[in-house]
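Engineer: just coords:
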C-alpha cells in the first residue's frame, strides 16, 4: 500500500497560539529550524493576526524572517484580513492561509465576522496576494461548539465560493473535535468529487479520541494533506477542554505503520517532539513519544518471574 | 448507517488486574452492578488465575458470586487452565474465556506455555466445560513486545486449531497496542472469511493512539464485537508504558456518532465512567468524560470579548 500523504505542521501556530505563556521568539525559531530538515511538506509558522487579539503570536513577522528556509518546505501562515496579507508578504511568506468559520456564531466569536462577511473579505484579500499561493481554512466545518450541527451543504457552498475566488486549496477544520469518521469520509468525498482543482487538507482535533480514526477515514476518502501539531498541542479558546490537534508524530507513525509514505523521517521527528515538553513547560498529549513506536522491543522478563 | 456492534466491558478484569493496589471486592461488585443496567453485551468480571500470579484478582469467585445478573448480559471470565475452568463453573460463569499468546515468548512470560502447549491445554479445558459457552483470546495477535512481528499465517493457524476444538469464539488481542488499521483490517477479513462459524472479537489497546482507528478498520472489515475498558484502564505487565485498553465510552461515543448502534446507553455509561477515577484513585485516559460528547454546546463568549 502506498499513496503518500503530506503533513502541515501547525504547532508553531495552532499550538503556541493557545499556550498560557508567550513562547520566546528564539524558541519558536529554533523549533521550526529543527522541524525543517525532517521534510514536513509544510510548516504553519505563525498567524498574522492583530497582536492584541493573539498576543502569543505577536512576533509573527520576526519568526517568519528569522527561520531558515529549507527548499521544498512550504512556510505558511494564518491570515485573517488584508492587513495580515500585507504583513505576511512583507516577510516573504510562501503561502497565505486565510481563515473563516462555517458557522456564523463561531465566526463572530473568533473573527467578528459572519461566513458571508469572511468570503467578501477573502475577495479583497485575494486581490493583494499577487502570485503567492493561497489556502482557506474553514473552521467548524464538522460542527460548531455554539450552534451544533453545520450542514454539509453549507460547507460545500462555502468551498464552492472559495474555489470561485481562485484560492488554491481549502482546509476543512474540525475545530473542537466534533467530527466522526463517517461524517469526515462523506464530506471529504463530496469536496474531492466537486472540486478536483482544489488541494483539500484535513485539520483534525483529538478532543474525543477520534483524531486518528478521522484521519484514516479522510485518507480512505482520498485526502492526502493533513494538518497536525507536534505533541498534539493546540485547542480552541472558546471550547475549554477541547484541547489537542491530531498529534503529528502519532499521525506519521500510524500512516508509516500502514505502509503509507508521509515523506517524514519519524525517528528525527520524535527527537524534536521530545524537546517540546521543555519548550511549553507542561506534559503534552502525544502518545508515541511516551510508548515508543510499534517497533519498540522489550527485554524478556526474568524466566523465574 | 447501522450494523450494530456488541461491547465486552473488560475493565473489571484487564483494568483492575494491573492496578497497583487491590480494588476492594465490594467496589468491584458495585462497579459491575452499575454497568449491568447499561446493556453492555458482555462484562469480563475477573480472571480465574492463580491468586499468586495475579493477586489483584484473587477475589474472582467472590465477585462472580456477588454480582447481580442482568438477563441478556453475558458474564464472562478469563481462564488460563483446567483449575480455572472448575473455579469459574463453580460460581456459574456464563462464558469461559481461555487465554493464550500467539508468540511463544509472550506465552512463556505470561503463562509459562508456548502456543502449542496452550492449544493442548485448551483441548483438556474444553472437555470440562459442559454446555458453558467458550471463547479463546489470542494475545499478541498483531505483534509481540518481545519478538516483534507475528506472522498472520501463524495467527490464522491458531484460530483454525481453536475452531477445531469446538470453541465458540475467538478474540484477536493487540496486547501492547502495536497494530495498525491496515493490519487489523487484513487479518480480521481473513478470519471472518475462513471462519464464519466463529464469533470474532477485537481487543485493542490505545498505546500509540490508534485504538479507535483500529476499531474503525475492524468494523469496516466486518467485526461486530469489541472488548473495551471503562476509562481506558489496563495495560500489559511486560510492556511498561503500554497502558490502556480502548476506552469503552470513547468507543461507544464514536460508533454512536457514526450512527452505528452499540446497544449501550452512552449517557448512563458516562455517569458510571465518571465514578471510575475515585475507585482507582488516579486519572484515567478516557477523553469523552473530560471533553463531553460531540453534542456538548458551549455558551457564546461575551460579544465584547
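Structural biologist: Done, it's in. In this text, all values refer to a predicted model and were calculated from it rather than measured experimentally.
Engineer: How far away from the center of its chain is the strand or helix carrying residue A:46?
Structural biologist: Assigned by DSSP states H and E, residue A:46 belongs to strand A:42-47. Centroid displacement of strand A:42-47 relative to its chain, using C-alpha atoms, centre = their mean, to the nearest Å, is 9 Å.
Engineer: Show me what stretch A:35-46 is in contact with.
Structural biologist: For stretch A:35-46, contacts defined as C-beta atoms under 8 Å, 6 or more residues apart in numbering or on different chains pick out A:6-10, A:12-14, A:16, A:28, A:32, A:57, A:59-60, A:63-64, A:67-70, A:72-78, A:93, A:95, A:97, A:225, A:227, A:230, A:248, A:263-265, A:268-269, A:272. C-beta: built from backbone N, CA, C; applies to glycine.
Engineer: from those residues, which ones fall inside strands?
Structural biologist: A:6-9, A:74-78, A:95, A:97, A:225, A:227 (DSSP state E).
Engineer: Out of those, which is nearest to residue A:276?
Structural biologist: residue A:9 (11.5 Å; C-beta to C-beta).
Engineer: where does the most centrally placed residue in chain A land on pLDDT?
Structural biologist: In chain A, the C-alpha nearest the mean C-alpha coordinate belongs to residue A:227, at 3.4 Å (C-alpha atoms, centre = their mean). Listed pLDDT for residue A:227 reads 98.
Engineer: so it bridges to which residues?
Structural biologist: Note on residue A:227: beta-bridge partners residue A:8, residue A:203, judged by DSSP bridges.
Engineer: strands paired with the strand holding residue A:46, and their directions?
Structural biologist: strand A:6-9 (parallel), strand A:74-79 (parallel).
Engineer: Residue A:157 - how many residues pack around it?
Structural biologist: 14 (other C-beta atoms under 10 Å in any protein chain shown).
Engineer: now swap in residue A:283 and tell me
Structural biologist: Residue A:283, neighbours per other C-beta under 10 Å, totals 9.
Engineer: Would you confirm that it contacts residue A:289?
Structural biologist: No - assessed by C-beta atoms under 8 Å, residue A:283 is found out of contact with residue A:289, at 10.4 Å.
Engineer: Find me the pLDDT at residue A:116, would you?
Structural biologist: 98.
Engineer: what about it, distance to residue B:182?
Structural biologist: Here the distance between residue A:116 and residue B:182 works out to 42 Å (C-beta to C-beta, to the nearest Å).
Engineer: out of these two, which sits in the busier spot?
Structural biologist: residue B:182 (18 against 13).
Engineer: Can you name the residues that contact whichever residue of the stretch 51-200 of chain A sits closest to chain B?
Structural biologist: The stretch 51-200 of chain A approaches chain B most closely through residue A:180 (3.7 Å), counting by C-beta to the nearest C-beta. The neighbours of residue A:180, taking C-beta under 8 Å, 6+ apart as the test, are A:210, A:214, B:254, B:257-258, B:294.
Engineer: what's the closest of the residues you listed to residue A:53?
Structural biologist: Out of the contacts of residue A:180, the member with the shortest distance to residue A:53 (by C-beta to C-beta) is residue B:294, at 27.5 Å.
Engineer: which residues sit in contact with residue A:15?
Structural biologist: Residue A:15 touches A:229-231, A:233-234, A:245, A:280, counting by C-beta under 8 Å, 6+ apart.
Engineer: Out of these, who's the most crowded?
Structural biologist: residue A:229 (32 neighbours).
Engineer: How about the residues of the stretch 1-150 of chain A by chain B?
Structural biologist: A:1, A:105, A:108-109, A:143, A:145-148 (C-beta under 8 Å from any C-beta of the partner chain).
Engineer: circling back to that earlier point, isn't the residue nearest to the centre of chain A right next to residue A:169, touching?
Structural biologist: No - in this structure residue A:227 lies outside contact range of residue A:169 using C-beta under 8 Å: 11.5 Å.
Engineer: and for the two, which residues touch both?
Structural biologist: In contact with both residue A:227 and residue A:169: residue A:201, using C-beta under 8 Å, 6+ apart.
Engineer: show me where the stretch 51-200 of chain A has helices.
Structural biologist: A:60-66, A:82-90, A:104-111, A:115-126, A:152-164, A:181-194 (DSSP state H, counting those that start in this stretch).
Engineer: Can you tell me, leaving aside adjacent residues, what's nearest to residue A:18?
Structural biologist: residue A:235 (4.8 Å; C-beta to C-beta, 6 or more residues apart in numbering or on different chains).
Engineer: Quick check: the residue nearest to the centre of chain A vs residue A:127, distance?
Structural biologist: 26 Å.
Engineer: Report the contact partners of residue A:279.
Structural biologist: Residue A:279 touches A:23, A:27, A:31, counting by C-beta under 8 Å, 6+ apart.
Engineer: The second one - how many residues pack around it?
Structural biologist: When you say that, I think you mean residue A:27. Neighbour number of residue A:27 under other C-beta under 10 Å is 16.
Engineer: quick revisit: show me which of the ones in strands among the contacts of stretch A:35-46 is closest to residue A:134.
Structural biologist: Closest to residue A:134, out of all of the ones in strands among the contacts of stretch A:35-46 and judged by C-beta to C-beta, is residue A:95, at 6.9 Å.
Engineer: Could you find the closest non-adjacent residue to residue A:72?
Structural biologist: Per C-beta to C-beta, 6+ apart, closest to residue A:72 is residue A:39, 7.3 Å.
Engineer: same thing with residue A:177?
Structural biologist: Per C-beta to C-beta, 6+ apart, closest to residue A:177 is residue A:207, 2.5 Å.
Engineer: Was I right to think the one you found contacts residue B:296?
Structural biologist: No - Residue A:207 lies out of contact with residue B:296 (C-beta under 8 Å); the separation is 9.7 Å.
Engineer: higher neighbour count, the two?
Structural biologist: Here residue A:207 and residue B:296 are compared on neighbour count by other C-beta under 10 Å; more neighbours surround residue A:207, at 29 against 17.
Engineer: Kindly confirm my reading that that one is in a helix.
Structural biologist: No - Residue A:207: not assigned to a helix; according to DSSP: H, G, I helix; E, B strand; the rest coil it is coil.
Engineer: Now it: phi and psi?
Structural biologist: Backbone torsions of residue A:207, given as degrees, to the nearest 10, read phi -50, psi -40.
Engineer: follow-up on the earlier one: filter the contacts of stretch A:35-46 down to just the buried residues.
Structural biologist: A:6-10, A:12-14, A:16, A:28, A:32, A:57, A:59-60, A:63-64, A:67, A:70, A:73-78, A:93, A:95, A:97, A:225, A:227, A:230, A:248, A:264, A:269, A:272 (16 or more other C-beta atoms under 10 Å in any protein chain shown).
Engineer: how far away is whichever residue of the stretch 201-305 of chain A sits closest to chain B from residue A:295?
Structural biologist: As assessed by C-beta to the nearest C-beta, chain B sits closest to residue A:257 within the stretch 201-305 of chain A, at 3.7 Å. For residue A:257, the distance to residue A:295 equals 9 Å [C-beta to C-beta].
Engineer: try residue A:133
Structural biologist: 36 Å.
Engineer: of the two, who's got more company?
Structural biologist: A count of neighbours by other C-beta under 10 Å puts residue A:133 above the other of residue A:133 and residue A:295, at 16 against 13.
Engineer: Please list all residues in contact with that one.
Structural biologist: So residue A:133 contacts A:74, A:94-96, A:168-169 (C-beta under 8 Å, 6+ apart).
Engineer: Throw those into JSON lines and include pLDDT, thanks.
Structural biologist: Listed next are the contacts of residue A:133 as JSON lines, based on pLDDT from 0 to 100:
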{"residue": "A:74", "pLDDT": "98"}
{"residue": "A:94", "pLDDT": "98"}
{"residue": "A:95", "pLDDT": "98"}
{"residue": "A:96", "pLDDT": "98"}
{"residue": "A:168", "pLDDT": "98"}
{"residue": "A:169", "pLDDT": "98"}
